[in-house]
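Q: Based on what follows, work out the 3D shape:
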Amino acid sequence: MDGNDKLQWWQTRTFVVVMALLSMVPLLWPDIPPLVDLPGHMGRYRVQVDLQNYPWLLDWYNFQWSLIGNLGVDLLVEIMHPIFGLELSVKLIVLSIPPLIVIGLLWIAREVHGRIPPTALFALPLAYCYPLQFGFVNFMLSMAWALPMFALWLRLARLKKFRLRAIIFVPLSCILWICHTFGWGVLGVLAFSAEMVREHDRIKDQVGARIGPITREGAKRWAMGFVRAGLHCLPLCLPMLLMIAWRNGQHVSGQTGDWFNWQAKISWLTMMLRDRWMAFDIASVAVIGLVIYKAVRDPNFEYSRAVGLSTLFLVAVFVLLPRIVFGSAYADMRLAPFMVAIGVVAIRPKKLVSSRAMTTVAALGLAFVLVRTTATTVSFYIFDQNYDRELKALDHIPVGARLVSFVGKTCNNEWLMSRLEHLPGLALERNAAYTNDQWSMPGAQLLTTKYVAAGHFSHDPSEIVTERQCAREWWRPIDRSLALFPRPAFDYVWLITPPPYHAKYVQDLTPIWRSGDSAVFKVNHVEVAPQAKRSDFPLPPKSKVPLF
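A: From the prediction side, this is the model:
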């Protein structure tokens with residue numbers, strides 16, 4: 001793009017700031033960001049910061065600090081909660097994620113194209129991608145940092161400050177790895193591919209442009225570029241030692257598996273903007289796909305070679321990445337929106353495209369951003385209303401209660417996720433109560449459960465209940481859960497939008513609060529629960545469950 005032309009309105013710093021501020025709007029109203037896993041994480045943060053104030057938590061949970069690649073929000077909460085309190089600290093941290101992504105994408109576009117192309121605006125709604133909606137906050141925070149870091153990497157290369165870059169990216173890469181391993185890995189892929197193109201072009205300039213890229217000499221240039229890119233990326237490699245130490249630690253668990261699940265991978269692409277309205281969300285993904293298709297087919301558009309190669313590298317990683325890595329599910333799903341965002345950022349109109357045409361594209365991109373932002377704001381407001389209604393139950397649950405919770409879900413995996421799946425975590429966060437929704441995977445997180453009396457109702461996913469047994473899921477039918485949970489281990493039962501259940505399984509419980517289908521029961525330890533056996537609830541034959 002011609003550096004002497006006057007900046008257009010979408011290329012100014014003011015516009016970047018406005019887009020960053022606009023991206024925060026959906027999260028301003030809810031006091032708790034309505035992200036699926038976040039309430040569960042907030043329960044862990046309460047144990048982390050107040051273990052000494054609620055000594056009974058030691059009877060239920062193990063919490064031990066260790067150096068793992070999944071600590072971003074945990075560490076920031078440790079720093080911020082004495083100033084802002086726990087809930088506001090979490091909100092401020094989550095509130096920072098969308099603007100950092102927006103700034104990172106637009107900064108990358110500025111570095112690779114010289115000016116921000118109007119097509120880059122179509123990538124901005126991916127700041128509220130499905131991984132954020134799911135509540136993968138450490139992962140999202142690491143990606144929100146990785147994008148500006150990549151832009152800084154490109155800028156320092158453009159300014160030929162390679163020594164300075166090497167010095168500052170040693171600690172930056174370690175910080176990013178500690179936040180979440182995935183962000184560090186993506187930064188490495190982006191940096192390596194960009195360096196490979198830059199080194200190839202530098203070698204080509206040295207020997208002249210007379211040799212075509214398909215010749216043996218051209219292949220040699222790419223090989224040399226590959227080696228030199230690896231050398232330039234050495235400052236990013238120190239976290240490899242941290243990774244080895246982490247995964248070789250004692251009691252570290254978590255499998256890696258479900259490779260080349262093509263049905264899931266295709267579905268992840270359609271779900272990149274999954275929120276509330278299926279048709280609207282898929283249509284929004286189609287708009288982004290249309291922009292990419294138009295750029296490939298239209299001779300008036302072209303791709304940045306550096307970021308274009310980055311996109312191809314990310315596509316390869318997406319294809320090769322299994323669904324489960326170190327016990328963390330949806331690994332490939334998390335990459336999909338950022339792979340596409342980088343692909344969109346790589347697009348630019350050619351120099352001969354008229355200013356009027358570019359303004360039209362920018363106006364369409366801005367309209368797309370405004371529509372998606374408005375929809376997300378409305379959706380989050382509705383979720384917040386649901387949270388407020390359900391959380392009134394906590395007024396009837398005393399501090400330190402032993403609480404078993406059951407959250408209703410269907411086997412169909414509807415597009416609209418209730419965001420209530422880990423709401424019981426807020427009983428731990430607000431009332432220091434025991435909740436059975438915490439994850440318990442040694443080495444993956446700092447907290448594990450040790451409440452032996454709870455038996456099979458001690459941790460996630462025992463809080464999820466369905467009307468019938470779902471194929472290929474650990475979720476229990478609600479009648480099975482109500483009949484079999486160990487009464488002596490718990491003081492209260494919290495039902496959150498449960499499916500229909502048989503009254504005989506709660507006849508020994510005293511109802512103390514109800515709102516719609518949701519309810520809180522007190523466990524009467526002196527009464528005898530109805531006799532039930534596991535054999536009363538046989539499992540159905542296994543069958544394939546649709547993704548949504």
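Q: Going by C-alpha atoms from here, please, whenever you check contacts or count neighbours.
A: Fine.
Q: Next, the contact list for the nearest residue to Y451 once chain neighbours are set aside, please.
A: Take Y451 and drop its neighbours on the chain: the residue closest to it by C-alpha to C-alpha, 6 or more residues apart in numbering is W60, 4.6 Å away. Listed by C-alpha atoms under 8 Å, 6 or more residues apart in numbering, the contact set of W60 reads Y434, T449, K450, Y451.
Q: Okay, and which of those map to strands?
A: Members of the contacts of W60 lying in strands (criterion: DSSP state E): T449.
Q: Out of the contacts of W60, who's the most crowded?
A: Sorting the contacts of W60 by how many neighbours each has (other C-alpha atoms under 10 Å) puts Y434 first, at 31 neighbours.
Q: List just the nearest of the contacts of W60 to E473.
A: Set against E473, the nearest of those by C-alpha to C-alpha is T449 (21.1 Å).
Q: out of everything not next to it in sequence, what's closest to that closest one?
A: That would be Y61: by C-alpha to C-alpha, 6+ apart, it lies 4.5 Å from T449.
Q: The one you found contacts T448, doesn't it?
A: Yes: between Y61 and T448 there is a contact at 5.8 Å, judged by C-alpha atoms under 8 Å.
Q: Now the common contact residues for these two.
A: Listed as contacting both Y61 and T448 by C-alpha under 8 Å, 6+ apart is no residue at all.
Q: So F260 versus P322, what's the distance?
A: The gap separating F260 from P322 is 6 Å, by C-alpha to C-alpha, to the nearest Å.
Q: the more surrounded of the two?
A: Shown here are F260 and P322; by other C-alpha under 10 Å, P322 has more neighbours (20 against 15).
Q: so after the helix ranked longest in the chain, what's the next helix or strand?
A: The residue-count maximum for a helix in the chain (DSSP state H) belongs to helix 355-390. Where DSSP states H and E defines the elements, the next helix or strand beyond helix 355-390 is strand 403-408.
Q: Start from the N-terminal end of the stretch 101-250 of the chain and give the strands.
A: Counting by DSSP state E, counting those that start in this stretch, one finds no strands in the stretch 101-250 of the chain.
Q: quick one, helices of it?
A: 130-134, 137-158, 162-179, 181-207, 216-232, 239-247 (DSSP state H, counting those that start in this stretch).
Q: what helices or strands is the first one leaning on?
A: Spelled out, that is helix 130-134. Helix 130-134 sits against helix 331-345, with contacts defined as 3 or more C-alpha pairs under 8 Å, 6 or more residues apart in numbering; DSSP states H and E.
Q: what comes up buried for the very next helix or strand once past the helix it packs on?
A: Counting by DSSP H and E, the element after helix 331-345 in chain order, helix or strand, is strand 347-349. Neighbour counts over strand 347-349 (16 or more other C-alpha atoms under 10 Å) mark I347, R348, P349 as buried.
Q: from memory the second one sits against G114, does it?
A: What it means is R348. No: using C-alpha under 8 Å, R348 makes no contact with G114, being 10.4 Å away.
Q: shared neighbours of those two, anything?
A: With C-alpha under 8 Å, 6+ apart, R348 and G114 have no common neighbours.
Q: what stretches of the stretch 201-350 of the chain score poorly on pLDDT?
A: For the stretch 201-350 of the chain, the stretches with pLDDT under 70 are 205-218, 247-258, 326-329.
Q: swap in the stretch 1-150 of the chain?
A: Applying pLDDT under 70 to the stretch 1-150 of the chain flags residues 1-5.
Q: Go again with 90.
A: For the stretch 1-150 of the chain, the stretches flagged by pLDDT under 90 are 1-7, 51-53, 64-70.
Q: that's a strand at V520, yeah?
A: Yes: looking at V520 with DSSP: H, G, I helix; E, B strand; the rest coil, it is inside a strand.
Q: Let me know the pLDDT of it.
A: pLDDT recorded at V520 is 97.
Q: list the contacts for it?
A: A393, H396, Y492, V493, W494, L495, P511, I512, W513, R514.
Q: Grab the nearest non-local neighbour of it.
A: Among residues not flanking V520 along the chain, W494 sits closest, at 4.6 Å (C-alpha to C-alpha, 6+ apart).
Q: so that neighbour makes contact with G408?
A: No: the criterion here is C-alpha under 8 Å, and W494 misses it with G408 at 11.0 Å.
Q: Please name the spatially closest residue to L124 (chain neighbours excluded).
A: Closest to L124 by C-alpha to C-alpha, 6+ apart is V102, at 5.8 Å.
Q: pretty sure that neighbour contacts V18?
A: No: in this structure V102 lies outside contact range of V18 using C-alpha under 8 Å: 10.2 Å.
Q: separation between the closest residue to V16 other than its chain neighbours and V287?
A: Closest residue to V16 apart from its sequence neighbours, by C-alpha to C-alpha, 6+ apart: I103 at 6.7 Å. Distance of I103 to V287, computed by C-alpha to C-alpha: 21 Å.
Q: do C129 as well
A: Counting by C-alpha to C-alpha - C129 and V287 are separated by 15 Å.
Q: Just want to know which of the two has more residues nearby.
A: C129 (21 against 15).
Q: contacting residues for the more buried one?
A: M272, L273, R274, P337.
Q: Return the residues in contact with the second one.
A: With C-alpha under 8 Å, 6+ apart as the criterion, the residues that contact L273 are P125, L126, Y128, C129, Y130, D281, I282, S284, V285.
Q: Widest-spaced pair of the residues you listed?
A: Spatially, the most separated pair among those is Y128 and I282, at 13.9 Å (C-alpha to C-alpha).
Q: Who has more neighbours out of the two?
A: Y128 (23 against 17).
Q: Let me know whether the more buried one touches P98 as I believe.
A: Yes: between Y128 and P98 there is a contact at 6.8 Å, judged by C-alpha under 8 Å.
Q: do you know how far L57 is from V399?
A: Taking C-alpha to C-alpha, one finds L57 at 11 Å from V399.
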